[in-house]
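Asks: Using only what follows, build the 3D model:
(2 chains)
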Amino acid sequence: MNATAQTGQRFNYFFGLINLVAVFCIVWLLWYVFMNPNTVMKLYTPMYGFSLVVGFLAAVVLLNNVAGGYPFPEASTQRFGPVQRGIAMTLVAVLLMLFLVYIFFWGFIGKFGIAYFSPQSIIASGGQGAEIFNARENASTAIVYYFTAFLFSALFWSAGFGRWPWQNDNRAVTAWSRLFAVTFFSGIIYILLFHPHVCYLFYPAQDKAGVESWWAEFAGTGSAFFGLGLVLCVLFWIVASDLLWDGYPWKYLEKEGESTWGKGVVVFIVTFVLGVIVLYVLMQIMNYFWDEPFMGGQYTDGPDFRFIHAGEICGFFVLAAFILKHYFNNFPNLNSLWMGAILRTILAVAGGMLFYWFYYSPLATFFLGKVPGIAQPGDTSLVWTILFLSVIMVQADFFEGWPLKKKGMEQNSG
Amino acid sequence: MKRRTFLKSLAATGVATSLTGTGALTREARARKKIDFGEVKSVRVDVLSETSWFDNDNLKKHMLDYGGAMTNQYDIPWDWDNAGGYMALLTVTTLEGKERKILLDSGWNNDWVDYIYEMNNIPAMLKSGEIEFMVISHWHLDHYWGIESTLKHKPDITMYAPKTYYPEDMALLKGAHLTAKNKEGKDVHVCKNDVPHTGKLILCDPDGEKDGIYNPMPGVAIRNFDVPILLRVRGENVFYFNVKDKGIVTVTGCCHPGVLSLFSYARKNFEGYKPYGCYGGLHITLFETWDPKFDDIIKGVQAFEIQKLACNHCTGWIWAEKAAAAGIPVVKGTDKYKSYKRQSTVATASNAFLTNGDHIVF
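Replies: Numbers count the residues shown, from 1 in each chain, chains lettered A, B, ... in the order given. Now for the predicted structure:
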């Protein structure tokens, strides 16, 4: 880091780039050990590995965005530096992920409530396809969808409602209250968008527990990839406004620096509409290259693939937005907030396209052990994207940016 | 900037550039020149074996234990006793009334393939040249690893195979004994071939020999779809037959590209397209499980107005049964498969599959 950066006058972009490369290598190592289908743990089956990765991200978001760091100290103190705090919080996030997947879903909810959350309960119920591989994949699918709903609710609540209506309460009250609120809305979203799909993963379909996908006629598919794609497209705008636009324009609706009911509602409506628009645009672009999809089409012809692919593309945008924010100090920092926001958004989209190119190029085959080609059944870029995002968030939030951001360093370009 | 140019440039760094490194999954949206690849009087498919493995759970357990659906198939020490194989004999009757035979795929377990071949007089047809050529639909173990059983009767047979092979695939074709390590680190036999292929090998890609297809005889087209497939395989060759007065018939090994995508391709590219029938594995409920998108395929088949659908292998019994119940013209099989020395554990009394020993004429 150069002297000017240390004085807080100028951000060292080269150091940011080095940090990004280091994080990329850490992600590669994690992928190599846990996910790569040709190496050690081979957890990318894909849904089993997917459930663990998205479970970890959910644990990170729960600790950071929902609980606001509670019960850990708000930031590093004289007693605990960013490294100790980061290690402790990462460890807790890993344990939380293991608890949520194996104890909460597999051992508790799946065992005493909704059978499809537990591979053992699916096997115990017997019938067609009730063996460990399929049972684990189906249970993992349900868990992935639940965590998706949770991530959406949590990130939306963080950007929209913030600490409202508990802004005057202490950290513990805020953390627990937000957890219950987010969990409640996660349940609603899960039931509406994903539960019908999971109920129809079995033969015969569990049609007394879940309705047939209500979106099938207009979406051209009964798959919940419709909801997954939509949620991820909306999430892109939530992340973009929160990170790249410095929380604007929503901040205009704040009172005394705190979120309001009105702000939350506006954020929900506007990001939803923008999400629908970006989903539509991405679908049109895919139609241009691959022609219109049709019901029952497979690979790139399938509407289900088109929806998840739109979500995967937005996932790349989100990843690029996080990188721009945390490793390149939200470049460019202009006097005009809006010009800066527009340029950052364009950079995030361009960066996302670079990740897209990487993931579907022979490089991903080399680095990740991925089979070449698009629309491989059982392959979704979301797993790698989420793993990458998790590592970035761990560094940025748990380690407070260490070692890129040293204590006292102001990240502000001159 | 024109809308088309704008959209193209917007997506160019993403969708399009990715394809340059991954093969041609894309189909350009512009108007195409329609292909006329001739006609046949009829085509008959004899199901030699559609039973690639006998016990689903056994196969899945091996996949699970060694890394799941994207693991390299050559790295899994499969249970040899569970292996069967997929093969079909296609008999084309030309407009002049001449019968010409083609072998589709060569199965997996050599013992099973030899047993099936003997039952159906395949060795004699290979030796005499009555079977003119063979097509390897794709490089999956259950369609290809039994290649020695074919080559030992006709090492110089002309062969069409996907260009997207891996080194192990070509090593086996040239003659090799391949093993995989089990959990204890011991080498386990997975496949072998002691009879190197000496004939003409036509490696197929989506460009085809002309207009995206290979046209070995009038009315018969082979088309390669470069799609990613589980167990680290890529690309599948499929047959199109243009049956006079009836329409297009597809015949597939696994149909990984999707049966409706095949008909969609035919609709866009073949002169006078009329959907008629399909035969083969349709790669839907491979492991007899369900997903809402399989209901999509039932609705899609209805929309495409396919007149005669005969399926087996990786289609999944439950899809075939649900499709038949939904009114799709599924051609039922017989009980002949029960006279074979082994049967699949998922076969049911519904006869929704056209299975071992059955045949269909389009």
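
Asks: Please make it C-alpha for all contacts and neighbour counts, starting now.
Replies: OK.

Asks: Can you pull the phi and psi angles for the residue lying closest to residue B:133 once chain neighbours are set aside?
Replies: In this structure, residue B:133 finds its nearest non-sequential neighbour in residue B:158, 4.9 Å apart by CA to CA, 6 or more residues apart in numbering or on different chains. Residue B:158 adopts backbone torsions of phi -70, psi 130, taken as degrees, to the nearest 10.

Asks: what's the answer for residue A:129, then?
Replies: Note on residue A:129: backbone dihedrals following degrees, to the nearest 10 are phi 70, psi 10.

Asks: Next, the closest residue to residue B:281 other than its chain neighbours: secondary structure please.
Replies: Using CA to CA, 6+ apart and skipping residues adjacent in sequence, the residue nearest residue B:281 is residue B:254, 4.3 Å away. The three-state label given to residue B:254 by DSSP: H, G, I helix; E, B strand; the rest coil is coil.

Asks: Check residue B:279 too.
Replies: Three-state assignment for residue B:279 (three-state DSSP): strand.

Asks: hang on, it packs against residue B:309?
Replies: Yes. Residue B:279 lies in contact with residue B:309 (CA atoms under 8 Å); the separation is 6.3 Å.

Asks: More neighbours: those two, which one.
Replies: Neighbour tally, residue B:279 and residue B:309, criterion other CA atoms under 10 Å in any protein chain shown: the higher count belongs to residue B:279, 26 against 23.

Asks: For the host helix or strand of residue B:143, give the mean pLDDT please.
Replies: Using DSSP states H and E, residue B:143 sits within helix B:141-144. Along helix B:141-144, the predicted confidence averages to a pLDDT of 98.

Asks: Which strands and helices lie in contact with the very next helix or strand once past it?
Replies: Sequence-wise, the next helix or strand downstream of helix B:141-144 (DSSP H and E) is helix B:147-151. When contacts are defined as 3 or more CA pairs under 8 Å, 6 or more residues apart in numbering or on different chains; DSSP states H and E, helix B:147-151 sits against helix B:110-119, strand B:187-193.

Asks: Mind checking the ones you listed for the one nearest to residue A:313?
Replies: strand B:187-193 (39.0 Å; CA to CA).

Asks: Spatially nearest residue to residue A:38, not counting backbone neighbours?
Replies: Per CA to CA, 6+ apart, closest to residue A:38 is residue B:71, 5.9 Å.

Asks: Can you report how many residues lie near the one you found?
Replies: Count around residue B:71 with other CA under 10 Å applied: 26.

Asks: just residue B:188 next, same as before
Replies: Residue B:188 has 17 nearby residues by other CA under 10 Å.

Asks: Please apply the same query to the one 10 residues further on.
Replies: Burial measure for residue B:198: 14 neighbouring residues, criterion other CA under 10 Å.

Asks: next one: the one 10 residues further on
Replies: Residue B:208 is flanked by 16 other residues according to other CA under 10 Å.

Asks: In the stretch 1-150 of chain A, where is pLDDT below threshold?
Replies: Along the stretch 1-150 of chain A, the model assigns pLDDT under 70 to residues A:1-9, A:76-78.

Asks: I'd like to know which residues of it are adjacent to chain B.
Replies: A:37-38, A:41-46, A:128-129, A:131-134 (CA under 8 Å from any CA of the partner chain).

Asks: Please spell out the PyMOL selection for the buried subset of those.
Replies: Provided next is the PyMOL selection string for whichever of the residues of the stretch 1-150 of chain A next to chain B are buried by 16 or more other CA atoms under 10 Å in any protein chain shown:
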select buried, chain A and resi 37+38+41+42+43+44+45+46+128+129+131+132+133+134
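
Asks: Now the two most distant members of the residues of the stretch 1-150 of chain A next to chain B.
Replies: A:38 and A:128 (29.5 Å).

Asks: List the contacts of residue 253.
Replies: If you meant another chain, say so; for now it's chain A. By CA atoms under 8 Å, 6 or more residues apart in numbering or on different chains, the contact set of residue A:253 is A:259-260, A:262-263.

Asks: ah, no, chain B please
Replies: B:86, B:104-105, B:137-138, B:143, B:238, B:280-282.

Asks: now, which of the residues you listed lie within strands?
Replies: Judged by DSSP state E, strands contain the following of the contacts of residue B:253: B:104, B:238, B:280-281.

Asks: so what's the residue in chain A that chain B sits nearest to scoring on pLDDT?
Replies: When scored by CA to the nearest CA, chain A has residue A:296 as its residue closest to chain B, at 3.6 Å. For residue A:296, the pLDDT comes out at 94.

Asks: Report how many residues lie close to it.
Replies: 28.

Asks: so it sits right up against residue B:304, yeah?
Replies: No. Residue A:296 is beyond contact range of residue B:304, at 10.0 Å (criterion: CA under 8 Å).

Asks: Can you pull the residues that touch both of these two?
Replies: Common neighbours of residue A:296 and residue B:304, using CA under 8 Å, 6+ apart, are residue B:260.

Asks: Which residues are in contact with residue B:288?
Replies: Counting by CA under 8 Å, 6+ apart, the residues that residue B:288 touches are A:128-129, B:316-318, B:346.

Asks: Reduced to three states, what does it come out as?
Replies: For residue B:288, the assignment made with three-state DSSP gives coil.

Asks: Assign residue A:180 to helix, strand or coil.
Replies: Once three-state DSSP is applied, residue A:180 turns out helix.

Asks: wait, the residue nearest to residue B:133 sits on residue B:203?
Replies: No. Judged on CA under 8 Å, residue B:158 makes no contact with residue B:203 at a distance of 11.0 Å.

Asks: Would you mind naming what in the stretch 251-362 of chain B lies close to chain A?
Replies: Residues of the stretch 251-362 of chain B found near chain A (CA under 8 Å from any CA) are B:257-261, B:287-301.

Asks: number of nearby residues for residue A:113?
Replies: Residue A:113 has 12 neighbours, counted by other CA under 10 Å.

Asks: re earlier: count the neighbours of the residue nearest to residue B:133 for me.
Replies: Per other CA under 10 Å, the neighbour tally for residue B:158 reads 17.

Asks: Please tell me how far it sits from residue B:214.
Replies: 14 Å (CA to CA, to the nearest Å).

Asks: and residue B:32, what pLDDT?
Replies: With respect to pLDDT, residue B:32 has a value of 65.

Asks: Need the three-state assignment for residue B:68.
Replies: Under three-state DSSP, residue B:68 falls in the coil class.

Asks: again but with residue B:240, I slipped
Replies: Looking at residue B:240 with three-state DSSP, the answer is strand.

Asks: Pop out the phi and psi values for the residue nearest to residue B:281.
Replies: Torsion angles at residue B:254 (phi, psi; degrees, to the nearest 10) stand at phi -120, psi -20.

Asks: Now the terminal residues of stretch B:348-358, how far apart.
Replies: Start and end residues of stretch B:348-358 are separated by 15 Å (CA to CA).

Asks: whoops, stretch A:40-51 was the one
Replies: The first and final residues of stretch A:40-51 sit 18 Å from each other (CA to CA).

Asks: next one: that stretch to chain centre, how far?
Replies: Here stretch A:40-51 is found 17 Å from its chain centre; the criterion is CA atoms, centre = their mean, to the nearest Å.

Asks: For the stretch 51-200 of chain B, what lies in contact range of chain A?
Replies: Neighbours of chain A within the stretch 51-200 of chain B, by CA under 8 Å from any CA: B:57, B:60-61, B:64, B:66-72.
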